[in-house]
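Visitor: Just a sequence and a predicted model for now, questions to come.
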Amino acid sequence: MEKKKIFIDGSEGTTGLRIYERFGGRDDVELLHIPSELRKDPETIKQFMHDSDVTFLCLPDAAAREAVELAEGEDVILIDTSTAHRTLAGWAYGYPELSPAHREAIRTGRRIAVPGCHATGFITLVYPLIAAGIMPADYPAACFSLTGYSGGGKKMIAEYEGDGRNAELDSPRQYGLTQMHKHLKEMKAITGLAREPLFSPIVADYYSGMLVSVPVYTGLLNGSQTPDAVREAYAQHFAGEPLIRVMPAGAEESGRNFLGSNNLSGYDGLEIFVTGNDERVILSARFDNLGKGASGAAMQCMNIALGYKETLGLNL
C-alpha cells in the first residue's frame, strides 16, 4: 500500500510535537519535513500542503486561516487544531463519538476542525443530554474546568517550569474572567444550547490532564432524572465507543471520593462520572488536554478520514 504523506504545519508547538511523536515507528506514512528556515514561507508551505495527503494545522488562529487560504483548490485533507474553523460551514467538527453524522462528516470531509480541550469535556457532558431530550436547550448551564499548564502552550510551559517563578503559580488560577473564552462559541453551537454557558476555567501546577464539570439541578431537566438515569443515558449514547468510558456508580470511591485531574495524563481516552444526589448532580469528564483534548483527537480524525483503524497510534 502506498504510504500516505503527512505534513504538520506548526510541528514545533506543543500539539504539533505530540502529533509528530505519534507517528514514531510507523511505516504506513511518510512525514514531510519542512526546513526550519522556511517554516513560515507561504510558497513553501503551499507546496508542502500540495504534496501531502493530510496536513495538520497546529497554528494560532490567524495563521491557520492564512494556511487554509493557501490550500484553496488543493485536494489535501486539512485537520485544524486551532479555534478558527470549529463552527464554520463546510468544516467537520472532529468529535466522531457525538453522532453517526459527525463520524461520517469526518470520514468524507476534506476540512476537519479538532475540538478545543475545555469544549471537549463540556460537549461530552451536555450534547448527549440535549440530544436525548433530557436537558432543555434553554438550560442555564455552568462549567468548571481544571487543566494542566501545558494547555497554555510553550509560553505558559516556560513560565511554570522556569527558575525563580512567581509563587502565585504554586496555586490554581482562574482565568477567562470576562466570560469571553474562545471555546465558548463551539460549546454553545455544537451542543445546541440557547446561550453560552457560564464558564470558569482554572489552570494549576501540573503538566497535563483535565477535569471538566457541569453542575445540574435535576428539577430543571425534563422528566424524572436521577444520577443513575443520567449515567444510563451516557452509557447508551457512547455504547461501543473505545475512547469513552462511562464510569459505574461509586467509581469515585476508589479515589476516596476525590476526582483527580491528572489521572489520565498521557492517555487518549475519556472518563465520564455522574455523582451527587436526586436533586443536584455533578457531571464530570476526565481526560488529557493533550490527548482527547488535542493531538489524540487529531490523530483519531486522521485515522477515520484515511480509513485506518480509528484507534491506531492512540494510547489506550
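Guide: Alright, I've got the coordinates.
Visitor: The helix or strand where Phe273 lies pairs with which strands, and in what direction?
Guide: Here Phe273 is covered by strand 270-276, with elements defined by DSSP states H and E. Looking at strand 270-276 with DSSP bridges, its partner strands are strand 244-246 (parallel), strand 280-287 (antiparallel).
Visitor: Can you list the buried residues in the longest one?
Guide: It refers to strand 280-287. 281-287 (16 or more other C-beta atoms under 10 Å). C-betas here are computed from N, CA, C, even on glycine.
Visitor: what does the shortest one give?
Guide: Neighbour-count burial for strand 244-246 flags 244-246 (criterion: 16+ other C-beta under 10 Å).
Visitor: what's the answer for stretch 102-110, then?
Guide: 102-103, 105-106, 109-110.
Visitor: Over to stretch 188-200?
Guide: Those buried within stretch 188-200 under the rule 16+ other C-beta under 10 Å are 188, 190-191, 193, 196-197, 199-200.
Visitor: got the contact list for that stretch?
Guide: Stretch 188-200 is contacted by residues 86-87, 93, 95, 98, 115, 118-119, 122-123, 126-127, 130-131, 137-145, 174, 176, 179, 181, 183-185, 187, 214 when judged by C-beta atoms under 8 Å, 6 or more residues apart in numbering.
Visitor: Type out the ChimeraX command that picks the buried ones from those.
Guide: Selecting only the buried entries of the contacts of stretch 188-200 in ChimeraX, with 16+ other C-beta under 10 Å as the criterion:
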select :86,93,95,98,115,118,119,122,123,126,127,130,139,141,143,144,145,176,181,183,184,185,187,214
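Visitor: Show me the contacts of stretch 188-200 that map onto helices.
Guide: Counting by DSSP state H, those place 118-119, 122-123, 126-127, 130-131, 184-185, 187 in helices.
Visitor: Which one of those residues is nearest to Thr55?
Guide: Ala119 (22.4 Å; C-beta to C-beta).
Visitor: mind checking pLDDT for the residue lying closest to Ile130 once chain neighbours are set aside?
Guide: What sits nearest to Ile130 in space, not counting adjacent residues and going by C-beta to C-beta, 6 or more residues apart in numbering, is Gly192, at 5.1 Å. We have a pLDDT of 98 for Gly192.
Visitor: and if you look at Lys40?
Guide: pLDDT at Lys40 comes out at 89.
Visitor: got it, and Met1?
Guide: At Met1, the pLDDT recorded in the model is 63.
Visitor: Number the chain from 460, please
Guide: Done: numbering now begins at 460, and the last item shifts to Met460.
Visitor: quick revisit: quick one: which of the buried residues of strand 703-705 is nearest Tyr767?
Guide: Using C-beta to C-beta, the buried residues of strand 703-705 come closest to Tyr767 at Ile703, 19.2 Å.
Visitor: beta partners of the closest one?
Guide: Leu729.
Visitor: Could I get the buried residue list for stretch 502-513?
Guide: Those buried within stretch 502-513 under the rule 16+ other C-beta under 10 Å are 504-508, 511-513.
Visitor: no no, stretch 763-775
Guide: So stretch 763-775, judged by 16+ other C-beta under 10 Å, has buried residues 763-765, 767, 769-770, 772-773.
Visitor: Determine the set of other helices and strands touching the lowest-mean-pLDDT helix or strand in the chain.
Guide: Comparing helices and strands within the chain by mean pLDDT, DSSP states H and E singles out helix 473-481 as the least confident, with a mean of 91. Secondary-structure packing of helix 473-481 (3 or more C-beta pairs under 8 Å, 6 or more residues apart in numbering; DSSP states H and E): strand 463-468, helix 612-620, helix 755-765.
Visitor: ok, residues contacting that helix?
Guide: So helix 473-481 is in contact with 467-470, 490, 515, 517, 540, 609, 612-613, 616, 749, 753-754, 757-758, 772-773, going by C-beta under 8 Å, 6+ apart.
Visitor: next one: that helix to chain centre, how far?
Guide: 14 Å (C-alpha atoms, centre = their mean, to the nearest Å).
Visitor: what sits up against the next helix or strand after it?
Guide: The C-terminal neighbour of helix 473-481 among helices and strands, as given by DSSP H and E, is strand 488-491. Outside strand 488-491, the residues within contact range by C-beta under 8 Å, 6+ apart are 462-467, 479, 482, 507, 510-511.
Visitor: could I get these as TSV with distance to Gly532?
Guide: Output for the contacts of strand 488-491, formatted as TSV (distance: C-beta to C-beta, whole Å):
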residue	distance to Gly532
Lys462	24
Lys463	20
Lys464	18
Ile465	20
Phe466	17
Ile467	21
Tyr479	27
Phe482	27
Phe507	15
Asp510	14
Ser511	15
